[in-house]
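*Asks:* coordinates only, sequence not included:
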């Protein structure tokens, strides 16, 4: 890590060690909870909710790389997710491949599709790109339906189940959960390292000021197209993994709503934050569960409405809100006389 | 050859509707610089209103006018309450996309909640009769829809070029800060622009539903993509472009569906998508749009 990205704490080494301790404790607790989930919850919750959250989290992670860090808005990642899902479904169901072997193929296909869409994206900015990707999301189910001899179309396609090997001693749903969790953790760690590296700084610089980034030597075209590819690849891997969990695909599953759901996950979690997509994925799956079941028509109304309210009140999403609140709390605590630190030069100026 | 002319007429008829919705998109884009993803679902809501008035026994023309009036107020209120607090597009593109997408979801769900998701029979606005020119039969509906579009364009032209209100709206679109300094109420103008777009969308929605003879909650998202194609082709800041773009998109998609076997009726929307991509790659400003030069 360089000083430019993470400023050295003014209170020195001791403070950094405290931070490290907090990080270790949080990681251990969160890790324990994540590992414990499939031991506690029933099968339908694991397959219907937690595993879905994990796949959405991976896809949203990819989308966040593109939209949050690189500033290219995509309302079409459901199509890449679907491409990954269909790759796995067709290879497993019709060609007898083992599930794991299809992941690489799904990743390559999604990456190639992402680059294909990313190339015109070089000339299209902001809202126009959103518009093109929205059209992509709308077209995808139609293409799947049109080529139903291969894809199964609206009737759908059943895929052989993904079973737990005997040596694990786990039920199928638990095994699926741990596999998905492993992929999610690896993806998040890799993306985090990418963002904290030279590449990540180039992505952010491109988002904030293209001209300046180019002058500083960032190859805009390569960075933007490859980011699109990698982002689509993560969505494709997530789609492929979603077939591990739910062995049925049909055209309606990968429609515009899925694309919107993924984008919403990025935004309500907190765009351009590492773990925002994970929180966002959790919220987009769980909020509809929490809404009153009595009026099923009402829940999408509330969902759309709450999005609007959220964007107006907390444009930084969940993690943005958390940061605001902690900053406010710190500010308040520092104000109280008991913990008031020695006045720095800034405060001295302010008081005169 | 007769088949070709038949398809040309159908293409123009469908294209006129795409052009109308594109016109609504362009009105909002020119006023505020944002692409309204909820335009299709706004039209959906208005069209269900129209259907409701007709179902209560009003003549269809009156139902449309009433719905346009209500949509005008609705559009203005949405601008004031939902869009304006988000801030300007330049710095908040993602927030604007999310808000209009949220509006899309919410409106679609509200319509489903009020009127249910099953399809409704929508009345023909024009008679179903046809007349012949040579061997080509032309429906009165096609002529009627094109005529409505022509009248709409002329009225909008008069509004923007010949009235003080139109002048004020153009002024806000071109430079909102200076407009404010000379005493134009910028907020009012933005609300007016959104109201106008919602009305135009209401009319387009009624024409669309009348063409399809059915109305349900799923069909307007496709209309939105066709309208995107039309507006992109014509240039997002050009009303004339929107109409011409709409007609071209109508013709191209009908021809592609008719003559290219594997596209057929199912993949017509894909042809529109390909058109969007091609335009943005070859001529991003569209046929009639202005090139934007950014200064560093």
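*Replies:* Cool, the structure landed. In this text, all values refer to a predicted model and were calculated from it rather than measured experimentally.
*Asks:* contacting residues around the closest residue to chain A within the stretch 51-200 of chain B?
*Replies:* When distances are taken as CB to the nearest CB, the stretch 51-200 of chain B approaches chain A most closely through residue B:106, which lies 2.9 Å from it. For glycine as for every other residue, the C-beta is placed from the backbone atoms N, C-alpha and C. Each residue near residue B:106 by CB atoms under 8 Å, 6 or more residues apart in numbering or on different chains is listed here: A:300, A:301, A:303, A:304, A:305, A:307, A:308.
*Asks:* Near chain B, list only the ones from those residues.
*Replies:* Of the entries in those, those that also sit close to chain B under the rule CB under 8 Å from any CB of the partner chain are A:300, A:301, A:303, A:304, A:305, A:307, A:308.
*Asks:* Which residue ranges of chain A form strands?
*Replies:* A:157-158, A:248-249 (DSSP state E).
*Asks:* Adjacent strands (with direction) for the last one?
*Replies:* Read it as strand A:248-249. For strand A:248-249, the pairing partners within the sheet under DSSP bridges are strand A:157-158 (antiparallel).
*Asks:* residues in contact with residue A:74?
*Replies:* Residue A:74 makes contacts with A:63, A:66, A:67, A:129, A:130, A:133, A:231, A:259, A:263, as judged by CB under 8 Å, 6+ apart.
*Asks:* Could you check how far the closest residue to the second one other than its chain neighbours is from residue A:115?
*Replies:* Pointing back at residue A:66 there. Counting by CB to CB, 6 or more residues apart in numbering or on different chains, residue A:66 lies nearest to residue A:231, which is 3.8 Å off, once chain neighbours are set aside. Plainly put, residue A:231 is 10 Å away from residue A:115 if you go by CB to CB, to the nearest Å.
*Asks:* swap in residue B:275?
*Replies:* 21 Å.
*Asks:* who's more crowded, those two?
*Replies:* For residue B:275 and residue A:115, the more surrounded residue by other CB atoms under 10 Å in any protein chain shown is residue B:275, and the numbers stand at 23 against 17.
*Asks:* quick one: that one and residue B:229 touch, right?
*Replies:* Yes. Using CB atoms under 8 Å, residue B:275 is in contact with residue B:229, at 5.1 Å.
*Asks:* How about the residues of the stretch 101-250 of chain B by chain A?
*Replies:* Residues of the stretch 101-250 of chain B found near chain A, taking CB under 8 Å from any CB as the criterion, are B:101-110, B:112-113, B:221-222, B:225, B:228-229, B:232.
*Asks:* Could you tell me which residues make contact with the nearest residue to residue A:280 once chain neighbours are set aside?
*Replies:* The shortest distance from residue A:280 to any residue that is not its chain neighbour, by CB to CB, 6+ apart, is 2.6 Å, and that residue is residue A:269. Applying CB under 8 Å, 6+ apart, we find residue A:269 in contact with A:60, A:64, A:275-281, A:283, A:317-319.
*Asks:* try 7 Å
*Replies:* Neighbouring residues of residue A:269 by CB atoms under 7 Å, 6 or more residues apart in numbering or on different chains: A:60, A:276, A:277, A:278, A:279, A:280, A:317, A:318, A:319.
*Asks:* among those, which ones are buried?
*Replies:* Under a neighbour-count criterion of 16 or more other CB atoms under 10 Å in any protein chain shown, the subset of these counted as buried comprises A:60, A:276, A:277, A:278, A:279, A:280, A:317, A:318, A:319.
*Asks:* Name the spans of the chain whose pLDDT lies under the cut-off.
*Replies:* With no chain named, the answer covers chain A. Low-confidence regions of chain A, defined by pLDDT under 70, span residues A:1-15, A:335-352.
*Asks:* if you could check chain B rather than the one you did, that'd help
*Replies:* For chain B, the stretches flagged by pLDDT under 70 are B:292-296.
*Asks:* what about the helices in the stretch 1-150 of chain B?
*Replies:* Using DSSP state H, counting those that start in this stretch, the helices found in the stretch 1-150 of chain B span residues B:2-32, B:39-55, B:60-78, B:93-115, B:140-162.
*Asks:* With the stretch 1-150 of chain A instead?
*Replies:* Listed in chain order, the helices of the stretch 1-150 of chain A (DSSP H, counting those that start in this stretch) span A:12-40, A:43-45, A:51-64, A:77-95, A:99-121, A:126-146, A:148-151.
*Asks:* repeat for the stretch 151-296 of chain B
*Replies:* Listed from the start of the chain, the stretch 151-296 of chain B has helices (DSSP H, counting those that start in this stretch) covering B:164-174, B:176-181, B:186-212, B:220-234, B:239-259, B:268-282.
*Asks:* returning to that earlier point: considering the contacts of residue A:74, which is situated nearest to chain B?
*Replies:* Taking the contacts of residue A:74 together and measuring to chain B by CB to the nearest CB, the closest member is residue A:130, at 4.9 Å.
*Asks:* The closest one touches residue B:97, doesn't it?
*Replies:* Yes. The pair residue A:130 and residue B:97 passes the contact test of CB atoms under 7 Å, sitting 4.9 Å apart.
*Asks:* Quickly list what's touching both of those two.
*Replies:* Both residue A:130 and residue B:97 are contacted by A:73, A:75, under the criterion CB under 7 Å, 6+ apart.
*Asks:* Please tell me how far the residue nearest to residue A:280 sits from chain B.
*Replies:* Noted for residue A:269: a distance of 12 Å to chain B, by CB to the nearest CB, to the nearest Å.
*Asks:* Next up, phi/psi of residue B:59, please.
*Replies:* Main-chain dihedrals, residue B:59, degrees, to the nearest 10: phi -60, psi 150.
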